Structure formats: structure tokens, C-alpha cells
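J.: Okay, predicted coordinates and the sequence, questions at the end:
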Amino acid sequence: MLDKIIEGIYRGDHRSISRAISIVENEGDSENTRNLIRQIYQRTGNAHIVGITGPPGIGKSTMIGNICALLSERGKKVSVVAIDASSPFTGGSLLGNRIRMQESLTKYGVYMRSLANRGINGGLSRSIWDTVKILDAAGSDFIIVETVGAGQADLDVINLADTVIVVLGPGLGDEIQAIKAGIMEIGHVFVINKMDRQGAYIAMKDIEETLAMMPRGEWKPPVVGINSLTREGYDTLIESICKHRSFCETNREARLRKFRTELQMHIDDELRRKFQKDINGVLKDEGRLEEYLLRRIDPYSAAEEIVEEIA
Amino acid sequence: MSEERSSEHGKNQLSFKDRPIKILLAKPGIDGHDRGILVLAKAFRDAGMEVIYAGLLPTPEQVVETAINEDVDVVALSLLNGAHMTVFKKVADLMKERGVNDIAIVGGGTIPDADKPKLEKLGISGNYGPGTPISVIIDHVTKRAMEARKLKESGQ
Ligand code: B12
Ligand SMILES: Nc1nc2c(ncn2[C@@H]2O[C@H](COP(=O)(O)OP(=O)(O)O)[C@@H](O)[C@H]2O)c(=O)[nH]1
Ligand SMILES: [Mg+2]
């Protein structure tokens, strides 16, 4: 059955793509997921991954709808994944990003998938890494990923995306200072959305000045003002994305860093899997816990001892 | 999600053991009565489901395409304007045309009793109206979602 799904992915068939994403989303790193990724991996690496982050309500989803339209009109194949937060109490989630971009999705036949973060911190979901590979193998030129939008804590996207767009706007008040503390380092392109609103130019200046004070790498992040209701400023935005894409193609170090991060994640998992059974055994060993209760051993020493034992 | 992985770093440990039900809520057809569907969206979320609301005025084609792209377990259709016999049927027909048999369709709104068996025959179940306790609706949706899951697993 996996073969049929994979063949469908290569054809760009939405239903097959969908099924494949469900596998990686729901089965974690099961044998099925591994086989799928093993088989399609050769066919990935062509898509440019654009991560979009910024506070809730700033217009990320609306902007993605517009970007989809403009890139599609230039003959590019675009796919979208948007992530929302799950409730830590019920596990439920309202996946509200699609509704803002539906018009473009329908008009250009763009594949879009909403994912809940299912308790993962950092602005992404656990399955996003594999999800992006599926969309890549399906022939996407651009894959746009909208993060949860949790501001400062929303930084993992830098490890996933080739180009990170940070979206800000007027009316954020003091919040903007807090957001800036975490987010200025990860943006390749800064967007000020809602240029139709009062305070937009001040916000733009604020970001430009902050950037000017930061140490400069080879890439100088542009600050682009847009109005998502009229698409003013979008030509510059698309041009900035394409410029950064060209820049990335020569940037071997960035690609290696991404791979390193992903590899580290998988190694952590493999290690945990390998030893989890033994660890669970130790955690259930009441005799051992007793030692701890009697203050005969401190947790650092206990952990060192246990790891020595099972490794 | 298995118990073993719940201690993963950066992962909230409270829930997420099971795979949540994924549901698409839609009002296909010209009908501005969105209070009911918004109430349901929140109730489903609070019951632990992953909920997508398609907004006002999606076409039946959009509803089906979205259901496929999002790989939902259930599509919930709501109409209070009396157009359910044509519009709900259109959604069911399009699903069949696309070869999708593993996404359940449930309906609701103002649906006369006489229409309910006809909708059932098209595979559209529930068809609950005003005053139905939310718990009845959630139980029904959960039951249909589990049926759809079984079909997905056997088809995959
Ligand atoms: C409030 C209301 C309005 C509000 C709507 C506000 C809004 N944003 O929703 C306003 C004033 C705008 C309005 C306008 C109209 N309305 Co009006 N409206 C109502 C009224 C009084 C209550 C609807 C409501 O919100 N109920 C509360 C919610 C929470 O309940 P609910 O929607 O029924 O949903 C529950 C269940 O039905 C069920 N359910 C609903 N959907 C689904 C889906 C699934 C999958 C499941 C499982 C369950 C389920 O679960 C929900 C939660 O318990 C009803 C009469 C009535 N008592 O139903 C008329 C009614 C629906 N309206 C009617 C009409 C005719 C209109 C108008 C055309 C003109 C008019 N005569 O007023 C316009 C058209 C508007 C438009 N653009 O479509 C008629 C429809 C007649 C028909 N079906 O043939 C009704 C039945 C009144 C009547 N007896 O004539 N209306
Ligand atoms: N005035 C104005 N409103 C906008 C603009 N872009 C988006 N919005 C509105 O901002 C709200 C939030 O947009 P959304 O895309 O959902 O934001 P997100 O939470 O960042 O994804 C919506 O009501 C949009 O219509 C803009 O450029 N100008
Ligand atoms: Mg959004």
C-alpha cells in the first residue's frame, strides 16, 4: 500500500500526499514512516522552505494566501503547512489558518495542510520535518510553513526553513520589545504587515534601527512593508524571498547546519528508544527509589550510576 | 503516542496519548446562520478534537477538496436554510466520485424528520436539530470517526 501512496506523491496527487502526511503525523517514527522517508528521500531537496513566524493576528495566514497566488502566477508550485497550538488540557485544537487563505488555495489548486502542535514547544509540530519531505518529493518549488506564532518561544523554524520571514506590524505596543528579544536573530526577511494602519511606519523604523545595531553577516535582512488587503509591497516581498533563495543555494554551511540539527534529533530519539526499557525498569525499582528517599544518594549521582550500568 | 515517548523534551506531558479526531465543519450553501456551527466548533475542540471550520459559503467542491487535503475523519455539515437535500447530497456525491469512502459525513441544522431517512441513505447521519444535547452530538461524531478510522486502516 505504501508503494501506491509513494507513486501518488510523485504524481502530486493530493489524496496520496494527505495519506502520507497522516502516517508521519499519527504514527510517529513507526516502521511505516521510516520506510516512507527512506524511499522518498532521494527525490527531496528541490523545494525551498519558507518559514513564517510572528505574533498571532498579525496577518501571517493572509500573507501566505497572497504569496501562494503570486508565486503560482509565476508558474511555481507552492504547498503550505500551517501549525496551530493544541490545548495542553484537552489535546483539542481549532485549526484556524486555512480559512484566511482558502481563496488562493482553491483558485490555484494549492495543497495545504493544517497541523496541531500536539504539545510540542518551539512553534512547530513533531511531524513537520517529515511532512516537508513529502511535499518536497511531490514536486513543490516552495513549501511555506506557518508556525504557531508564540512570539519569543517560536524559534525552531530556523532549523527547518531555508528562509525565515518574521512578520510584525503596528499596534503591538510594548509587546514588540519582548518579541524582538527572541526573534531578531532568526529572520532573513522582516515584514511589516498592515501598512494601512497607523503606526506602521514607526514599527518599520524600529525594526530597521534594531537591525542596524546588530552584527552583520553576509546576508543583510531587508525590511519590507506590505498591505495584505491590497497586495501593496508584495512585489518587493517576493523579490526578497527569491533573492534569499539564490543566496541559500551557495550557502553550504546553512544546509549542513540544518541537517546536523535534524540528525541530532533522530539520534536523541534512537538513544532514548534503545535504553527506555532499561530506564523504565530502573524507575520502577522501589529498592532504588528507597535509597533516594533515605537520602543515601542524590539524583545526579543516581542518574550517573544508572547510565553507567545500562549503557 | 505511546507512554514511552511522553517524557520527550519540550513536550507537554499532560495529554496527547491518543490520536485526536480530526473534523471539518462546513456550511456549504448560502446560509448565514453560523451560531450553531461555531458552538459546535468550540465544543468539539473542548472534547479534544482537532477542528477546522471552513467558514461561510464554501462550495461543496471546496468542502470535499479540503476534507481530502486535511485527511479528516469526519465532515460535519450544517444548514438551517432548508437546502440540505440538494447541498448535503452534492457533498456526498462528490466524495463518492473522488473514491473517498473513509471520511464520515454527519449533518445537522433545521432538518425535517421526513428528510432524515433520505439523508441516512446517502450516508449522512446524525442530522440533529435545535435543542440536541451537545453530548449526544459528540458521541455520534466519535462513533462515526472510529468507523472511518477503521476503513482508513484497512485501506491503507
Ligand atoms: C438566530 C437566527 C437568525 C440570526 C442568525 C445569526 C447567526 N449569525 O447565526 C439572523 C437574525 C441573522 C437570522 C436570519 C435569517 N433567518 Co434565522 N433563525 C435564527 C433562529 C431564531 C435561531 C438559530 C440559532 O442561532 N440557534 C442557536 C444555535 C446554537 O442552534 P442551531 O443553529 O440550531 O444549532 C444546533 C443544532 O441545530 C445542531 N446542529 C446545527 N448544525 C449542525 C451540524 C451537525 C453536523 C450536527 C451534528 C448538529 C448540528 O447543533 C447545534 C448546537 O446545539 C432560527 C430558529 C430556530 N429556533 O432554530 C431561525 C431560522 C433558522 N431562520 C430562518 C430564516 C428564514 C432566516 C432568514 C432567511 C430570514 C428570516 N425570516 O429571519 C434570515 C437569513 C439569514 C442568512 N443570511 O442566511 C428560518 C429557516 C427556515 C427554514 N429552514 O426553512 C428559521 C428556522 C426560523 C423560522 N422558523 O422560520 N436568523
Ligand atoms: N488592515 C489590515 N488587516 C489585515 C492585513 N493583513 C491581515 N489583516 C487582518 O488581520 C487579521 C488576522 O489575520 P491572520 O492572517 O489570521 O493572522 P495570523 O494569526 O498572523 O495568521 C484578519 O482579520 C486579517 O483580515 C493588512 O495588511 N491590513
Ligand atoms: Mg494564522
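T.: Okay, I see it. Ligands and ions are numbered 1, 2, ... in the order given.

J.: Buried by neighbour count: which residues of the top helix by length along chain A qualify?
T.: Assignment by DSSP state H gives helix A:252-284 as the longest helix of chain A. Neighbour-count burial for helix A:252-284 flags A:Lys258, A:Ile279, A:Val282 (criterion: 16 or more other CB atoms under 10 Å in any protein chain shown). In this view, the C-beta of every residue, glycine as well, is placed from N, C-alpha and C.

J.: which residues touch A:Ala161?
T.: A:Ile49, A:Val50, A:Gly51, A:Val145 (CB atoms under 8 Å, 6 or more residues apart in numbering or on different chains).

J.: What does the last one show for phi and psi?
T.: Recorded main-chain torsions at A:Val145 are phi -120, psi 120, according to degrees, to the nearest 10.

J.: What's the local residue count around it?
T.: Other residues near A:Val145 come to 27 when the count uses other CB atoms under 10 Å in any protein chain shown.

J.: quick one, strands of chain B?
T.: Taking DSSP state E as the test, the strands found in chain B are B:22-27, B:50-56, B:74-79, B:104-109, B:124-128.

J.: mind putting those in TSV, mean neighbour count included?
T.: Converted to TSV, these look like this (neighbours: other CB atoms under 10 Å in any protein chain shown):
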stretch	mean neighbour count
strand B:22-27	26
strand B:50-56	23
strand B:74-79	27
strand B:104-109	24
strand B:124-128	22
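
J.: so which of the ones you listed gets nearest A:Trp219?
T.: Comparison of those against A:Trp219 by CB to CB identifies strand B:50-56 as nearest, at 36.3 Å.

J.: do the closest one and ligand 2 meet at all?
T.: No: residues of strand B:50-56 are not located near ligand 2 by CB under 6 Å from any ligand atom, the shortest gap being 11.8 Å.

J.: ok, that strand: who's next to it in the sheet?
T.: Paired neighbours of strand B:50-56 in the sheet (DSSP bridges): strand A:93-94 (parallel), strand B:22-27 (parallel).

J.: pLDDT on the first one, on average?
T.: It refers to strand A:93-94. What strand A:93-94 shows for mean pLDDT is 95.

J.: nearest residue to A:Arg15 other than its sequence neighbours?
T.: B:Ile68 (5.3 Å; CB to CB, 6 or more residues apart in numbering or on different chains).

J.: Which residues are in contact with that neighbour?
T.: Contacts of B:Ile68 (CB under 8 Å, 6+ apart): A:His14, A:Arg15, A:Ser18, B:Arg98, B:Val100, B:Ile103.

J.: Which residue ranges of chain B form helices?
T.: According to DSSP H, the helices that chain B contains are B:35-46, B:60-70, B:84-97, B:116-121, B:134-155.

J.: And the first one, what does it pack against?
T.: Helix B:35-46 sits against strand A:93-94, strand B:22-27, strand B:50-56, strand B:74-79, strand B:104-109, helix B:134-155, with contacts defined as 3 or more CB pairs under 8 Å, 6 or more residues apart in numbering or on different chains; DSSP states H and E.

J.: Buried residues, it. List them.
T.: B:Gly36, B:Ile37, B:Leu40, B:Ala41, B:Ala43, B:Phe44, B:Arg45, B:Asp46.

J.: close to ligand 1, is that helix?
T.: Yes: Helix B:35-46 lies within reach of ligand 1 by CB under 6 Å from any ligand atom, at B:Arg35, B:Gly36, B:Ile37, B:Val39, B:Leu40.

J.: I'd guessed the third one sits against B:Leu25; true?
T.: Read it as B:Ile37. Yes: using CB atoms under 8 Å, B:Ile37 is in contact with B:Leu25, at 5.4 Å.

J.: any shared contact partners between these two?
T.: Residues touching both B:Ile37 and B:Leu25 by CB under 8 Å, 6+ apart: B:Tyr53, B:Ala76, B:Ser78.

J.: which of those residues are close to ligand 1?
T.: B:Ala76, B:Ser78.

J.: just curious, which of the shared contacts of B:Ile37 and B:Leu25 is nearest to ligand 2?
T.: Minimum distance to ligand 2 across these is 12.8 Å, recorded for B:Tyr53 (CB to the nearest ligand atom).

J.: how much space between the closest one and ligand 3?
T.: Look at B:Tyr53 and ligand 3: by CB to the ion, to the nearest Å, they are 13 Å apart.

J.: same question, B:Arg19
T.: On the measure of CB to the ion, B:Arg19 and ligand 3 end up 23 Å apart.

J.: and if you look at A:Lys243?
T.: Applying CB to the ion to A:Lys243 and ligand 3 gives a distance of 25 Å.

J.: and the strands paired with strand B:50-56 as a markdown table, adding distance to A:Met213?
T.: Shown next, in a markdown table, are the strands paired with strand B:50-56 (distance: least, CB to CB, whole Å):
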| stretch | distance to A:Met213 |
| --- | --- |
| strand A:93-94 | 38 |
| strand B:22-27 | 45 |
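
J.: need the ones you listed in a markdown table with distance to ligand 1, can you?
T.: Below are the strands paired with strand B:50-56 laid out as a markdown table (distance: least, CB to the nearest ligand atom, whole Å):
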| stretch | distance to ligand 1 |
| --- | --- |
| strand A:93-94 | 16 |
| strand B:22-27 | 7 |
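
J.: Flag the shaky bits of chain B, pLDDT-wise.
T.: Applying pLDDT under 70 to chain B flags the ranges B:1-17, B:156.

J.: repeat that with 80
T.: Residues of chain B meeting the criterion pLDDT under 80: B:1-18, B:155-156.
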